[in-house]
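Undergrad: dropping a prediction and its sequence here:
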Amino acid sequence: MRIWSLHPKYLDTKGLVAVWRETLLAKHVLEGKTKGYTQHPQMLRFKNSDNGLPAINEYLSVVFEEASARGYHFDSKKFQLSEKSIKLSVTNEQLKYEFGHLLEKLKKRDQERYLLYKDTADILTHPLFEVIPGDIENWEILPNKKSDKD
């Protein structure tokens, strides 16, 4: 499961569809409608928020807007917008990590999109997130990351 901190404009078709489905799954977790994925690292920032479910809905609304702008037909009945503005934080190093991770995927799946974004200096976040200084988030699963058990 990957719920990107990046703006969905960077995602290729496969990534956009995947983040929509995965975020809907996360929404079901927060609503208590499924027993799986409750401890998934990508869920922690929503689960630990006082506004987890409204934040997921806000996240979905932006993905929906991006999909609609591209001519896709996602179901707007799958989320509800909150009355208040919600913000979650993401660290600058997490954002850089995710962007590099996405570029590697785009290099293999969508060369045109990769070339369009590979030299991006100012990475846009998903509007739900505000960037704060910091390292890669603790919940991120890094390749070759040693666990506490090592």
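TA: Here it is on my side, so go on. Numbering: from 1, shown residues only.
Undergrad: give me the buried stretch members for the helix-or-strand element of the chain with minimal mean pLDDT, please.
TA: Using mean pLDDT, DSSP states H and E, the weakest-scoring helix or strand in the chain turns out to be helix 41-47, at a mean of 84. Within helix 41-47, the residues that qualify as buried are 42-43, 45-47, counting by 16 or more other CB atoms under 10 Å. In short, each C-beta sits where N, CA and C put it, glycine included.
Undergrad: could you redo those residues as CSV and give each row distance to Val90?
TA: Below are these laid out as CSV (distance: CB to CB, whole Å):
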residue, distance to Val90
Gln42, 12
Met43, 15
Arg45, 8
Phe46, 12
Lys47, 15
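Undergrad: now the two most distant members of the residues you listed.
TA: Across the buried residues of helix 41-47, the longest distance by CB to CB is 9.7 Å; it joins Gln42 and Lys47.
Undergrad: who touches Arg45 in this structure?
TA: 88, 90, 137, 139 (CB atoms under 8 Å, 6 or more residues apart in numbering).
Undergrad: by neighbours, which of the residues you listed wins?
TA: Val90 (21 neighbours; other CB atoms under 10 Å).
Undergrad: look up phi and psi at that residue.
TA: When read as degrees, to the nearest 10, the backbone of Val90 gives phi -140, psi 140.
Undergrad: need the contact list for it.
TA: So Val90 contacts 5, 45, 125, 129-132, 137 (CB under 8 Å, 6+ apart).
Undergrad: redo these as TSV? Include secondary structure and distance to Lys84.
TA: Formatted as TSV, these follow (DSSP: H, G, I helix; E, B strand; the rest coil; distance: CB to CB, whole Å):
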residue	secondary structure	distance to Lys84
Ser5	coil	21
Arg45	helix	18
Thr125	strand	19
Phe129	strand	16
Glu130	strand	15
Val131	strand	21
Ile132	strand	20
Glu137	coil	24
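Undergrad: what is the nearest of those to Arg70?
TA: Using CB to CB, the contacts of Val90 come closest to Arg70 at Thr125, 19.3 Å.
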